[in-house]
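Asks: the following block contains a protein sequence and its predicted model.
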Amino acid sequence: MKLYLDTANLKEIQEGANLGLIDGVTTNPSLVAREGRSFKEMLLEICNLIDGPISAEVVETELDAMIKEGRELAKVHDNIVVKIPLIMEGLRATRVLAAEGIRVNVTLCFSPAQALLAAKAGAWCVSPFIGRLDDVSSDGMELIRQILTIYRNYDFPTQVLVASVRTPQQVAEAALAGGHICTMPYSIFQQLVKHPLTDIGLKKFLTDWEKMGQL
Ligand code: E4P
C-alpha cells in the first residue's frame, strides 16, 4: 500500500521526504488555506520535495470552470493529480480530463454507488473519507471493503485512496482490506512506528549489554 501525507505543510512534507517512505501527497482547500500561501507556488515546492503523485483540488463547481481549472493545475507539474469533488459536474469534468490523459482523484466519496460512478468516469483514484463517516456513526472501513469488491468485480483500474484517516489502526486496517493508497496527517504517520514494547525491549537489550561491560 502506498503511503501519502495529507498536508500542505512544507516542513512536514520535507520531514516525510527525508524518511524516504512517503509515496505522494494529498492536499485540499482547507489544508492549503491553513498555510496562507500561493497555491501554485506551494504545489511546485511540494513536487520538488516528493517525487510522486501530488493531489491538487479544484475549487470551481461549474463544469467548464472545473475543467479549465483542472487543466491549469495539471500544467503546474507532471506529478499533479487533479482532485475533483464527487458531484455530477465533477464526474463530467473527470471524463473530460481523464480522456486528455490527466490523472483525476475523485474526492469526497461517501458511498459505494458514488465510487462506482467515479470509476466509470475514468478516475485514476477515488478518495473515500472514512474518518468523517465514523464521525457520523457509519463504518468508514466497511465502505473501503465494499468499494474494493466492486472494483474487483468489474476490473476497474481506479485505485482506492483511503482518506480522512484519524488513527494508526485505520492505516493497518486499510492495508488489510487491500486499499491501494492511504493518506494521513503527518502526526499519524509518526505514530505508525511507535510501540511501547519496542521501546521497553530496546531499553532492556541495551541495559543488559552495558552490564556485560563489553564495547
Ligand atoms: C483527502 O484527500 C482529504 O484531504 C482528507 O483526508 C480529509 O481528511 P479530514 O476528514 O481529516 O479533513
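Replies: Structure's in. What do you need?

Asks: from Leu197, how far out is Leu176?
Replies: As judged by C-beta to C-beta, to the nearest Å, Leu176 and Leu197 stand 21 Å apart. C-beta here means a position set from N, CA and C on the backbone, and glycine is covered the same way.

Asks: more neighbours: which of the two?
Replies: Taking other C-beta atoms under 10 Å, Leu176 and Leu197 do not tie; Leu176 has more neighbours (12 against 7).

Asks: check for me that that one belongs to a helix.
Replies: Yes. Per DSSP: H, G, I helix; E, B strand; the rest coil, Leu176 lies within a helix segment.

Asks: ok, so what distance separates it from Asp139?
Replies: Applying C-beta to C-beta, the value for Leu176 to Asp139 is 15 Å.

Asks: quick one: contacts for the residue nearest to Glu89 when sequence neighbours are not counted?
Replies: Distance criterion C-beta to C-beta, 6 or more residues apart in numbering; nearest residue to Glu89, sequence neighbours excluded, is Leu63 at 4.7 Å. Leu63 makes contacts with 89, 92-93, as judged by C-beta atoms under 8 Å, 6 or more residues apart in numbering.

Asks: and stretch 36-54, how far out from the chain's middle?
Replies: In terms of C-alpha atoms, centre = their mean, to the nearest Å, the centre of stretch 36-54 is found 15 Å from the chain centre.

Asks: show me where this structure has helices.
Replies: 10-19, 29-35, 39-49, 63-76, 88-99, 112-120, 130-135, 140-153, 168-177, 186-192, 196-212 (DSSP state H).

Asks: so which of these comes closest to Met1?
Replies: Nearest to Met1 among the helices of the chain is helix 168-177 (4.6 Å), distances taken as C-beta to C-beta.

Asks: any idea what the residue positioned nearest the centre of the chain is bridged to?
Replies: Note on the chain: the residue nearest the mean C-alpha position is Thr183, at 3.3 Å, using C-alpha atoms, centre = their mean. Legend: beta-bridge partners of Thr183 under DSSP bridges are Tyr4.

Asks: any stretches of the protein with poor pLDDT?
Replies: Applying pLDDT under 70 to the chain flags the ranges 215.

Asks: gap between the residue of the chain positioned farthest from its centre and Val193?
Replies: Ranked by distance from the centre of the chain (C-alpha atoms, centre = their mean), the top residue is Gly213, with 48.4 Å. Distance from Gly213 to Val193, counting by C-beta to C-beta: 31 Å.

Asks: and what of Glu173?
Replies: 17 Å.

Asks: compare the two (neighbour count), which wins?
Replies: Between Glu173 and Val193, Glu173 has the larger neighbour count (other C-beta under 10 Å), namely 19 against 10.

Asks: for this structure, what lies in contact range of the ligand?
Replies: Listed as neighbours of the ligand in the chain under the rule C-beta under 6 Å from any ligand atom: 6, 26, 28, 107, 127, 129, 131-132, 163-164, 183.

Asks: kindly recompute the last result at 5 Å.
Replies: 6, 26, 28, 127, 131-132, 163-164 (C-beta under 5 Å from any ligand atom).

Asks: just the buried residues of stretch 51-68, please?
Replies: The neighbour-count criterion (16 or more other C-beta atoms under 10 Å) identifies 52-58, 60, 66-67 as the buried residues of stretch 51-68.
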